[in-house]
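In: what's the 3D shape of this:
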Amino acid sequence: MDEKNIEKELKKIWEEKPISHSDDEKEASWAAFQAKAFPPQKKSFKIWRYAAAASVLVFMGIGAQLFFNRGPLEDTIYLSSNVIENRTIKIKTVILPDSSKVDLSPNSKIKYANNFESNRKIEVEGEAYFKVKKDKKHPFQVFCNETTTTVLGTSFTVTGQEKNGVMVQLYEGSVQMNVKNQKQTWILKPGDKFIYGNKTALVTEFSRFVDFENENLSVLSAYIESNYGYKVIIPQEYSNQRITVRINKKEELKTIIQLIAEMYNLNVEINEKLKQITFQ
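Out: Numbering: from 1, shown residues only. Predicted coordinates for the structure are as follows:
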């Protein structure tokens, strides 16, 4: 109970006893007691409140000054506010704010700004595979060393190499390649590989598929395990079944699983915790 309420309760009791006293006597007696028990408090000037407010204003002023007086270098650092690194020995999957997907290779790094959905610019160090969500209003740009890869919606791999070299392999869609301080542009189609190094650019072809021709199903299972990291268990009677299929090297795992299940009329169970796929 606070001091004010205590004072009220005491006064109530004081007025009740003794009953033989007159109201004037009770009031005079209470006034004397109140003066001693609850002396009036002096109003103090709460300087600390104003000091705290002043410190906030000073802090905001300094922050505003730093914000509005940033130079070009500070702008670059300010924009690159999201940095994701893969320090493991396995591929790391990253879902970007616009729902595009990045498979980040070991010892690789990506950087992008907070406003990525409207400013789809991303910097790569190392190697990354991109599955880009289509957005015609906001082109997706990947910066690696001296090159810029611009896309609207596609899948490709960007690999940074020594001495500002870059290799881009296009699996789906179309991309435009630009090189710093060069006017020429290169338009890639699926299966094209762009190589840049020593100030020279070259476009060649590469094999974006892996072929299984009359192979045992167990061979495809081993491929899934080595490339996607999932152990595959198939019924014993199916292990020697033959399969002929062409798979995009960057195909979604769920597509391959669905293909096998439909071809052999099998049910499938995926255990993400154990990284295990069971056909039955």
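
In: going by C-alpha atoms from here, please, whenever you check contacts or count neighbours.
Out: Fine.

In: now Asn267: how far from Leu259?
Out: Asn267 is 11 Å from Leu259, where distance means C-alpha to C-alpha, to the nearest Å.

In: run through the chain and note the low-pLDDT ranges.
Out: Applying pLDDT under 70 to the chain picks out residues 1-80, 152.

In: and if we set it to 50?
Out: 17-20, 42-79 (pLDDT under 50).

In: residues making contact with stretch 153-166?
Out: Here stretch 153-166 makes contact (C-alpha atoms under 8 Å, 6 or more residues apart in numbering) with 124-135, 140, 144-147, 167-175, 194-198.

In: narrow those to those in strands?
Out: In strands, defined here by DSSP state E, the members of the contacts of stretch 153-166 are 124-125, 127-131, 140, 144, 147, 167-172, 175, 194-197.

In: narrow these to just the buried residues.
Out: Buried members of the ones in strands among the contacts of stretch 153-166, counted by 16 or more other C-alpha atoms under 10 Å: 124-125, 127-131, 140, 144, 147, 167-172, 175, 194-196.

In: show me where the protein has helices.
Out: In the chain, the helices defined using DSSP state H lie at 3-16, 23-37, 47-68, 72-79, 217-228, 253-264.

In: quick one, what contacts Val102?
Out: 93-96, 128-131.

In: kindly export stretch 240-257 (C-alpha atoms) in PDB.
Out: Extracted in PDB, the C-alpha atoms of stretch 240-257 (Å, rounded to 0.1, in the frame of the first residue of the first chain):
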ATOM      1  CA  ASN A 240      18.600 -54.600 -60.800                       C
ATOM      2  CA  GLN A 241      15.800 -53.000 -62.700                       C
ATOM      3  CA  ARG A 242      17.100 -51.100 -65.700                       C
ATOM      4  CA  ILE A 243      16.500 -47.400 -66.400                       C
ATOM      5  CA  THR A 244      17.200 -45.000 -69.200                       C
ATOM      6  CA  VAL A 245      16.800 -41.400 -68.400                       C
ATOM      7  CA  ARG A 246      18.400 -37.900 -68.900                       C
ATOM      8  CA  ILE A 247      18.600 -35.600 -65.900                       C
ATOM      9  CA  ASN A 248      19.500 -32.000 -65.700                       C
ATOM     10  CA  LYS A 249      22.500 -31.800 -63.400                       C
ATOM     11  CA  LYS A 250      20.700 -29.200 -61.400                       C
ATOM     12  CA  GLU A 251      17.300 -30.900 -61.400                       C
ATOM     13  CA  GLU A 252      15.200 -30.600 -58.200                       C
ATOM     14  CA  LEU A 253      15.500 -33.800 -56.100                       C
ATOM     15  CA  LYS A 254      11.700 -34.000 -55.700                       C
ATOM     16  CA  THR A 255      11.400 -34.300 -59.500                       C
ATOM     17  CA  ILE A 256      13.800 -37.200 -59.700                       C
ATOM     18  CA  ILE A 257      12.100 -39.000 -56.800                       C
END
